[in-house]
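> my questions concern the predicted model and sequence given below.
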Amino acid sequence: MTHEGYDGGSPRGGTKQASRTPGAVEVIPRPASEVDVGAASLPKLVPPERRPPAPPSAPVPAAGGAGQKPKWLVPLGVVVIGMFMSTLDTSIVNVAIPTMQDLFGVSTDSIQWVSTAYTLCLGVVVPASAWLGERIGLRRLYVISMLAFSAFSALCGMAGGLNSMIFYRILQAIPGGVIPVTCLTILYKMVPREKIGVAMGLYGFGIIVAPGVGPTLGGYLVEYVDWRLIFYINMPVGVLGAVLAMMILPNFPRVGGRSFDMPGFACIAVSMFSLLLAFEEGTTWGWMGYRVLILLAVGVNALALFVVIELQVKEPLLNVRVFRYWPLVNSLIQISIISVGINAVLFYVPNFIQGAQGLTPMNSGLVLLPQAMVMMVIVPVAGRIYDKMGARWPAVIGLALAAFGTFLMVKVNVDMTRQELVIWMMIRAAGIGLAMMPIMTGGLSVLPPSLASAGSAFNTICQRVAGSLGLALLSAMSTVQQAQFMSDRSGLVQANGPGTNPRIVSLEQQGQAALIPLWQTLKNEVQAQAYSNIFLVLAVLTAAGVVLAFFLRSEKSTGDSEPVEIG
């Protein structure tokens, strides 16, 4: 009797004639068409007393023997290249937006579409990534995405105006949304479960470290070389990653026969586009304006319809039954909180120290660099801790440390020193580095292998979409508060009477130009007060994540699934 095994946890698609043993019951795998939605294909059970002796099986070589380097380690390095490149691009481009605005001669609202268009397209592409990986094959999709990302990055570098830049950024976002989902799915199909913590620790370089390195590298290129290099730099990295993938990555089997869920894709695409656009433009269009309200209504209803469709169709685009697993849901909530915090720090800190303290883009990037170095050291260690202890305690300690560091950042002000800010962010980064990968790993590890692609897609959606939506809401709060604070302080200034400030009277007598430094000082103080409130909100959210972290599993990871054989 032959026994059909599993490739990385995924059932083989075809049927195979089993050999017969007299007096024994055949083990016949169920066809793919009979597989229940969200469940793995399992062979029929045979009573132990009626089973013939099993032939000796060779040990799985993927994990590596004693004293040997694990065979998944080098392929994982190839995957990290793609994840690092796609994540780095998001943070490095933000540094060059003011330069592009001056070059193209457009308004601030218009230049923001360079980032907004990229985010909107990501929200549409990510849900389809899991299906593409199954249909095209994970290695082939990874190679195609890396080459396409490199080519479209080159087009962005050659853009001669705002319209062409926005169009090329939309093209760039298509492979940019596919790469993270593909990378995470490859990791879970390639690495043994008992080593998943270490692997996720190395994988975390792309998710956590790249956003910290991006502003420093982008600031150097913009200030000392040419802003177009922030796009051209992707070309050699992408080509190298594609070549290494063809040489090193295992050839994952394709899952044929699953049709594309067009109604589900249309609903999730409309929902993500509407919600992201509403939150991105809410401050400009007005949160109670008819355009924002219509977009929010369309987004929420399309999302509800997507869930209904995915529960009814036989072959869903994204299997929403993954949300039956509470550890995954808990993990996604915490990942969303962390993503909002990461995006907010990377946006508000450079904005404040460049505007209020007069630092150059390069120097502001150097302020953010130490926190990236801290995470670079802690993230791999956190992976090993997860393999020993599970997700609960690294997440609890890490989020508590991150909440403490964020509470320290509430003291942000115009007169703070650079050293103070660096220390606050390093404390916060140490907590994020310790917590994020165990949280992500603990959530995904509870899923059966057949749901790994859907779990990876939802994880990427939460990281990208939650980060963008959270940043938009915080920006709206900051705008409202700065206007209110400025109005309150202006009301305290009396134009005449016994309470008139003699200094203001003296400046008025010198002309309106003499009042500009006073207005700038007032503006910086108001901005600092608004940003202080933002960091307070982030600290409270992170503290809420500590409570959720207590509900994560504390068991050690188990090796209950076989990795894909490499070689």
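Cool, the structure landed.

> quick one: residues contacting residue 99.
222, 227 (Cβ atoms under 8 Å, 6 or more residues apart in numbering). Backbone N, C-alpha and C define where each C-beta goes, glycine included.

> touching, residue 227 and residue 100? I think so.
Yes. At 6.8 Å, residue 227 and residue 100 qualify as touching, with contact defined as Cβ atoms under 8 Å.

> low-scoring pLDDT stretches of the stretch 1-150 of the chain, where are they?
1-70 (pLDDT under 70).

> redo that, cut-off 90
For the stretch 1-150 of the chain, the stretches with pLDDT under 90 are 1-138.

> what about the helices in it?
Assigned by DSSP state H, counting those that start in this stretch, the helices in the stretch 1-150 of the chain fall at 73-104, 108-111, 113-136, 138-157.

> for residue 219, which of those helices is the nearest?
Nearest to residue 219 among the helices of the stretch 1-150 of the chain is helix 73-104 (5.4 Å), distances taken as Cβ to Cβ.

> buried ones in that closest one?
Neighbour counts using 16 or more other Cβ atoms under 10 Å place 75-76, 78-97, 99-101, 103-104 of helix 73-104 among the buried residues.

> if we can go back for a sec, adding distance to residue 421, write the helices of the stretch 1-150 of the chain out as CSV.
Formatted as CSV, those follow (distance: least, Cβ to Cβ, whole Å):
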stretch, distance to residue 421
helix 73-104, 18
helix 108-111, 25
helix 113-136, 24
helix 138-157, 32
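
> tell me which of those helices lies nearest to residue 339.
Nearest to residue 339, of those and by Cβ to Cβ, is helix 73-104 at 11.4 Å.

> quick one, the closest one and helix 138-157 angle?
Computed by axes from the mean of the first three to the mean of the last three Cα atoms, to 10 degrees, the angle separating helix 73-104 from helix 138-157 equals 20 degrees.

> SS state for the residue nearest to residue 302 when sequence neighbours are not counted?
The shortest distance from residue 302 to any non-neighbouring residue, by Cβ to Cβ, 6 or more residues apart in numbering, is to residue 271 (3.8 Å). Following DSSP: H, G, I helix; E, B strand; the rest coil, we place residue 271 in the helix state.

> rewinding a little: so which of the helices of the stretch 1-150 of the chain is nearest residue 529?
Among these, helix 108-111 comes nearest to residue 529, with 22.0 Å by Cβ to Cβ.

> how about that closest one: buried residues?
Buried residues in helix 108-111, defined by neighbour count with 16+ other Cβ under 10 Å: residue 111.

> helices of the stretch 451-567 of the chain, residue ranges please.
Using DSSP H, counting those that start in this stretch, helices in the stretch 451-567 of the chain cover 452-461, 467-491, 502-509, 516-549.

> with adjacent residues omitted, what lies nearest to the residue most central in space within the chain?
Among the residues of the chain, the one closest to the centroid is residue 463, at 3.5 Å (Cα atoms, centre = their mean). Spatial nearest neighbour of residue 463, excluding adjacent residues (Cβ to Cβ, 6+ apart): residue 339 at 4.8 Å.

> cool, and residue 129?
Spatial nearest neighbour of residue 129, chain neighbours left out: residue 181 (3.7 Å); criterion: Cβ to Cβ, 6+ apart.

> what's that neighbour sitting at in phi/psi?
Dihedral pair for residue 181: phi -60, psi -40, per degrees, to the nearest 10.

> and it, how far from residue 145?
Distance check for residue 181 against residue 145: by Cβ to Cβ, to the nearest Å, it reads 10 Å.

> OK, contacts around the residue nearest to residue 463?
Going by Cβ under 8 Å, 6+ apart, the list of residues near residue 339 reads 462, 463, 464, 466, 467, 470.

> in a helix, it, correct?
Yes. Applying three-state DSSP, one finds residue 339 inside a helix.

> wait, the residue nearest to residue 302 touches residue 309, no?
No. Taking contacts as Cβ under 8 Å, residue 271 lies outside contact range of residue 309: 11.5 Å.

> so which of these two has more stuff around it?
Shown here are residue 271 and residue 309; by other Cβ atoms under 10 Å, residue 271 has more neighbours (24 against 19).

> what about residue 139, how many neighbours?
Residue 139 has 21 neighbours, counted by other Cβ under 10 Å.

> burial of the closest residue in space to it that isn't next to it in sequence, as a residue count?
Closest residue to residue 139 apart from its sequence neighbours, by Cβ to Cβ, 6+ apart: residue 249 at 4.6 Å. Residue crowding around residue 249 was assessed by other Cβ under 10 Å; the count is 22.
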